[in-house]
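In: Return a 3D structure for these sequence lines:
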Amino acid sequence: MTQPLVTILDDEPEIRRILTEALEDAGFRTQSFARAREFEASLKRVTPDVCLVDLSLPDTDGLALVHRLALEQGAAVIIISGRAQVQDRVTGLELGADDYITKPFDPAEVVARIRARLRAPKAQQHPSDVARFNGWTAYFDRYVLVSDTGAETPFSHAEGEVLRLFLESPKRLISRAQMQETLGGAAGESFDRAMDVRISRMRTKLGEDPKNPRLIKTIYGAGYIFLGDVAWD
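Out: From the prediction side, this is the model:
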């Protein structure tokens, strides 16, 4: 079995070395890049399983790059940054990152976060990448929602994980603990905030009234319920 591929984009040689050694010792394949141009060129040849991206890059805006990766690539995106402000974390998650790790970091924690991300697909119950519900069609192979009028709305890898979880368990309560176990990530305020962001963005893309959503209902103190009727192709 081919080991998962993790790409590292960071302009600090020591950071790249530390991450490469830790990941390869843990059994991952790695590629590392100091510049976004080289990194993006590599994506045209191969899609990694996880992308580790620093925000402070010399040749591009790291947040803009994260947003493009989230919408265009099938890889999980984890930000590793020296920006520790809450707003930086929120912005990164809102733009589609799956996780956010601040520097300095423990390499073992990075390995654990990556393993958690890669466990998520094992929870999928449907081999299909197409689901239809309440006038919408979700294409998980190309990360697009199509309305009954044919209008297309892209969604990120992280948003797709949450949507797929709901579509695989319609009309059943999904607790925060179940979401954390299924989707991976470290439990706590950071994970809760990430889920809030992703669910809010999915509601917006589905045209939901934020004060009275019809499809993704919040059960305060318990979790969420997806109320749509779902059919998988």
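
In: Which strand residues bridge residue 226?
Out: Counting by DSSP bridges, residue 226 is bridged to residue 216.

In: pretty sure it is touching residue 218, no?
Out: No. Using Cβ atoms under 8 Å, residue 226 is not in contact with residue 218, being 11.2 Å away. For glycine as for every other residue, the C-beta is placed from the backbone atoms N, C-alpha and C.

In: Please identify which of the two sits among more neighbours.
Out: A direct count of neighbours by other Cβ atoms under 10 Å for residue 226 and residue 218 places residue 226 higher, at 20 against 13.

In: hey, where'd the helices end up in the chain?
Out: Applying DSSP state H to the chain gives helices spanning 13-25, 36-43, 62-72, 86-94, 107-119, 157-168, 176-183, 189-205.

In: Kindly reformat these as JSON lines containing mean neighbour count.
Out: Below are these laid out as JSON lines (neighbours: other Cβ atoms under 10 Å):
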{"stretch": "helix 13-25", "mean neighbour count": "16"}
{"stretch": "helix 36-43", "mean neighbour count": "16"}
{"stretch": "helix 62-72", "mean neighbour count": "20"}
{"stretch": "helix 86-94", "mean neighbour count": "18"}
{"stretch": "helix 107-119", "mean neighbour count": "18"}
{"stretch": "helix 157-168", "mean neighbour count": "22"}
{"stretch": "helix 176-183", "mean neighbour count": "17"}
{"stretch": "helix 189-205", "mean neighbour count": "18"}
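
In: Using TSV, lay out those helices together with distance to residue 231.
Out: Listed next are the helices of the chain as TSV, based on distance: least, Cβ to Cβ, whole Å:
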stretch	distance to residue 231
helix 13-25	40
helix 36-43	33
helix 62-72	26
helix 86-94	31
helix 107-119	27
helix 157-168	10
helix 176-183	21
helix 189-205	19
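
In: Tell me which of these lies nearest to residue 51.
Out: With Cβ to Cβ as the measure, helix 62-72 is the member of the helices of the chain nearest residue 51 (5.9 Å).

In: ok, and what's touching the closest one?
Out: Here helix 62-72 makes contact (Cβ atoms under 8 Å, 6 or more residues apart in numbering) with 9, 36, 40, 51, 53-57, 75, 77, 79, 81, 91-92, 95-97, 143, 154-158.
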